[in-house]
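Student: Could you work out the structure for the sequence below:
(4 chains)
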2 protein chains.
Amino acid sequence: MRIQRAGAAGSRVQKLVSRTGLQPVPRPGAFGPSAASRDEASQEKLAAALDQILVGDCIDSLRGLPEASVDLVFADPPYNLQLEGGLTRPDQSEVDAVDDDWDKFASFADYDRFTRDWLTAARRAMKPDATLFVIGSYHNIFRVGAILQDLGFWILNDIVWRKANPMPNFRGRRFTNAHETLIWASRSANAKGYTFNYDALKAGNEDCQPRSDWFFPICTGAERLKDDNGRKTHPTQKPEALLARAIMAASKPGDVVLDPFFGTGTTGAVAKRLGRHFIGCERDPDYIRAARARIAAVEPLPGAAVHTPVAKRQEKRVAFASLVEAGMIAAGSELHDEKKRWRVVVRADGAVALGDIVGSIHKIGALAQGLPACNGWTFWRCVEGGKSICIDDLRARYRATAPGED
Amino acid sequence: MRIQRAGAAGSRVQKLVSRTGLQPVPRPGAFGPSAASRDEASQEKLAAALDQILVGDCIDSLRGLPEASVDLVFADPPYNLQLEGGLTRPDQSEVDAVDDDWDKFASFADYDRFTRDWLTAARRAMKPDATLFVIGSYHNIFRVGAILQDLGFWILNDIVWRKANPMPNFRGRRFTNAHETLIWASRSANAKGYTFNYDALKAGNEDCQPRSDWFFPICTGAERLKDDNGRKTHPTQKPEALLARAIMAASKPGDVVLDPFFGTGTTGAVAKRLGRHFIGCERDPDYIRAARARIAAVEPLPGAAVHTPVAKRQEKRVAFASLVEAGMIAAGSELHDEKKRWRVVVRADGAVALGDIVGSIHKIGALAQGLPACNGWTFWRCVEGGKSICIDDLRARYRATAPGED
DNA sequence: GTAGCGGATGAATCTCCCT
DNA sequence: CAGGGAGATTCATCCGCTA
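Tutor: Numbers count the residues shown, from 1 in each chain, chains lettered A, B, ... in the order given. Prediction:
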């Protein structure tokens, strides 16, 4: 089975390499060897890299790959986080920040240059109909996206990975940074033959079209690689479920998936499991060692089982603010308890005000009764059509009318 | 009520305009009128624009506003380059040497220049601690984000508006484009005093801190403005709920909210409803007409539904010594932590003594636990009427009984 | 065995005022 | 304007220990 797949990939490569002559990609040496011997050399180079980790600087490694040889790129480049000073949790423990040298850049200009270089090298290695995923955060993704466009990539989607369990914002000065962004792009605007397994994705999504917002937990537990001291091997290991959705969506079994920032090899492990080939670039020996052991332990799934995994359905949690925002309860209107001993004003932000005191429906309910806790949903009522109804009924109505929310 | 709020805003503006002289914002005319007459003129200019739609090109209008005069910007800029008649011709000197389609790159350069211009003009009009929201899709948001960073804005969050009911992808060649992206940014990295109504947002969200992924339906039904023929007045009208969350999160009642691309005035309508002032820029007479009628019909919410509750960190500071002086805690008595692992003696000067070591409730609490810091108010407890109570409760009692002290 | 509790932790651009 | 001190601030999940 394994050998069969390798053979299938080989013939596909051959076909595409012979197409390469038609590509308007500038070649470094204009008077090099003949096209035939170039193709032969390319196949050998590709075969040598297949299912391997190329050790060293990723831009050098990418330039060493044959042109137009990979079907999909998944890249998780440094984010250029620009962290200064430490951060402690409210319990005074320290957050283990990403302070690795590989994430440090002197300026935006430096980061832009680096981004242009690796994207250019990756684009050269992509087949005409290959696509590319890049993942990032607000620190870097806007620069990556703009440079992608400048280089001629064509953005197909931006995709949001919503995290089930992000790290909270400990100082309460921003919104919790609860997502990361992926950009999915084809090599050029006129590349129309890219792979997108629409029907399989739709079938795996309760027959709903796959959306641009994905919901996964972060990588923890047994999946998270640890070193001998029990510390995480890599600071930014991505969940396999995320890679699996990207690879299942945009590649076929036997395809070659390239990861220029291989790290501990999540892309390689998932590619192997899903019956794809991988090529990884990595320079850190510790990461490489961990990745090799990890991938060696992966058993490819049987072909029939290579289906799109579906995110677990979460119990839908409704914020009171959602009901206000949806207009089901008017901002400025009043809530009361069953015996109408207390009245509170509904605020536009979804909090409620008891006199001057502002808080959640639960906190204010508890405060009013002098109790340590209170379920505001069942305690408070509002007036609708002249009748007093419990706001929990409105919550049920909201749940029924707002499908799709996790 | 309306007039009262306007008055409050006026005094706030006056205070900030007088601060403007300290701002390192470059001024176009170096030998203009005196600072005093400039301030006076600025106030007049601002008052004239308040709750108005400035008709014409938004960059001209923004440049006409006084410097450092607005508290919040919400911008929904265009991204369809072909429809943007106001764009200037491409500047060849800015074009990077890439092997790219000239026309496409020229369009990006045009769009970048337009973006730089309006962002620069908006930034000039922002108070030092003002923040800005920009909303966009993958067509433009990466360029906007990169330029924001280049201009010195400091990104606080990227926020995802997940649509409950996005337009499906009919051809099945991409993921359904089910979200748009907002960038929330402060005027500069060192602007730490921006408004973020964390407590109220948390209270409205089941007492969980607000996240960077928001979920709203798109603007449909009665909220969607239609012209006499039943066609939608504006192609990209945003839902009021989206604006409400942004405005509630990042501004206070009486603040000035600026929208450089006012369209049919969603920002103005929501700002008015939430007791904020607005300034809009728009050049299309049809949009302006629709926006004016729409805003005129808006009834502001009562103050209790929108006022900003005092955050904990903004509450009046109380010295522990004050509690001792007031006799709420006896000098010579003991404090203990919850598990009674440590005991300290209260001194008459408001310090506490752990054995021989004397220091503040915070310093001694940190020292006892071997931690770098400690909030002594929540850590230490005292005995009152035979029961152990937290000294933070005493502080609350002190605050309630000594309201006039400054 | 298991339910419950305490501790640890995750790509984070995370305070504010006074001297 | 830099430094120092007061004091405000967290959610979901996993793991290991105890009852």
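
Student: and the residue positioned nearest the centre of chain A, what pLDDT?
Tutor: Residue closest to the average C-alpha location in chain A (C-alpha atoms, centre = their mean): A:Trp161, at 4.3 Å. Listed pLDDT for A:Trp161 reads 98.

Student: Can stretch A:178-193 be said to contact DNA strand D?
Tutor: No - Stretch A:178-193 does not reach DNA strand D (C-beta under 7 Å from any atom of the strand); its nearest approach is 9.2 Å. C-beta coordinates here come from the backbone N, C-alpha and C atoms, glycine included.

Student: Show the end-to-end separation of that stretch, please.
Tutor: 34 Å (C-alpha to C-alpha, to the nearest Å).

Student: quick revisit: using PDB, list the CA coordinates for the one helix or strand the residue nearest to the centre of chain A maps to.
Tutor: When elements are assigned from DSSP states H and E, A:Trp161 belongs to strand A:154-163. C-alpha atoms of strand A:154-163 as PDB (Å, rounded to 0.1, in the frame of the first residue of the first chain):
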ATOM      1  CA  TRP A 154      -4.500  34.500  -5.300                       C
ATOM      2  CA  ILE A 155      -6.400  34.400  -2.000                       C
ATOM      3  CA  LEU A 156      -9.200  31.800  -2.000                       C
ATOM      4  CA  ASN A 157     -10.300  32.200   1.600                       C
ATOM      5  CA  ASP A 158      -9.100  33.500   4.900                       C
ATOM      6  CA  ILE A 159     -10.000  31.000   7.500                       C
ATOM      7  CA  VAL A 160     -10.400  31.500  11.200                       C
ATOM      8  CA  TRP A 161      -9.400  28.900  13.700                       C
ATOM      9  CA  ARG A 162     -11.500  29.500  16.700                       C
ATOM     10  CA  LYS A 163      -9.900  28.100  19.800                       C
END
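
Student: who does it pair up with?
Tutor: Using DSSP bridges, strand A:154-163 pairs in its sheet with strand A:179-186 (antiparallel), strand A:213-216 (parallel).

Student: which one of the ones you listed is the most hemmed in?
Tutor: strand A:179-186 (a mean of 24; mean count of other C-beta atoms under 10 Å in any protein chain shown).

Student: what is the mean pLDDT for that one?
Tutor: pLDDT averaged over strand A:179-186 gives 98.

Student: List the contacts of that strand.
Tutor: A:129-138, A:141, A:144-145, A:148, A:153-163, A:166, A:194, A:246, A:250, B:138, B:142, B:158, B:160, B:174-175, B:181, B:212-213 (C-beta atoms under 8 Å, 6 or more residues apart in numbering or on different chains).

Student: Using CSV, write down the CA coordinates of that strand.
Tutor: The C-alpha trace of strand A:179-186 is given here as CSV (Å, rounded to 0.1, in the frame of the first residue of the first chain):
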residue,chain,number,x,y,z
HIS,A,179,-8.5,32.7,17.3
GLU,A,180,-5.7,32.5,14.7
THR,A,181,-6.1,33.2,11.0
LEU,A,182,-5.2,30.9,8.0
ILE,A,183,-4.9,32.2,4.5
TRP,A,184,-5.6,29.8,1.7
ALA,A,185,-4.3,30.9,-1.6
SER,A,186,-3.6,29.5,-5.1
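
Student: quick one, which of the strands paired with strand A:154-163 is nearest to A:Ile53?
Tutor: Distance to A:Ile53, taken as C-beta to C-beta, is lowest for strand A:179-186 among the strands paired with strand A:154-163, at 22.6 Å.

Student: distance between the next helix or strand after that closest one and the chain's centre?
Tutor: Following strand A:179-186 in sequence order, the next helix or strand is helix A:198-203 (DSSP H and E). Offset of helix A:198-203 from its chain centre (C-alpha atoms, centre = their mean, to the nearest Å): 19 Å.
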